[in-house]
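Enquirer: Here you go, sequence then predicted model.
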Amino acid sequence: MLIKTNKTGQYKFYTLIPASYPKSNNPKHIHITIKEPGKSEYWIDDFLFADDALLTRELRNKNKFRGGNGILRTSNQNGIMIARRDIILDENIPGYPKA
């Protein structure tokens with residue numbers, strides 16, 4: 001899936017909340033790669049779900065905050081689960097080109 005931000009940097013996408021990998025103790029997650037104009041692509045911390053029983057304290061503490069905090073808190077709005085993640089493009093990205 002390719003997602004582009006609008007003029008103010010906002011983005012939105014619709015998906016199902018994923019399940020953990022079969023026969024796994026990995027928490028449910030969504031992988032994210034960022035591609036900025038004129039820069040090489042890079043990954044940020046996965047989108048994780050705060051209420052996931054598989055997201056242990058140990059796993060929460062391993063979060064590197066690449067691109068900001070990836071642990072999402074969901075809320076139900078008219079039958080749709082909503083979450084927000086502010087992505088900070090240069091936060092904790094090794095080798096990120098500085099101006």
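Expert: Right, received. Where do you want to start? Residues are numbered from 1 along each chain as shown.

Enquirer: Okay, and the beta partners of Ile82?
Expert: Here Ile82 sits in beta bridges with Ser75, going by DSSP bridges.

Enquirer: so what's it up against?
Expert: Under the criterion of C-beta atoms under 8 Å, 6 or more residues apart in numbering, the neighbours of Ile82 are Thr74, Ser75, Asn76. All C-beta spots, glycine's among them, are computed from the backbone N, C-alpha and C.

Enquirer: Look at the nearest residue to Tyr96 once chain neighbours are set aside and report its pLDDT.
Expert: When the adjacent residues along the chain are set aside, Tyr96 lies closest to Asp90, with 4.7 Å between them (C-beta to C-beta, 6 or more residues apart in numbering). Here, the pLDDT recorded for Asp90 equals 92.

Enquirer: in what helix or strand does Asp90 lie?
Expert: Asp90 belongs to no helix or strand when assigned by DSSP states H and E.
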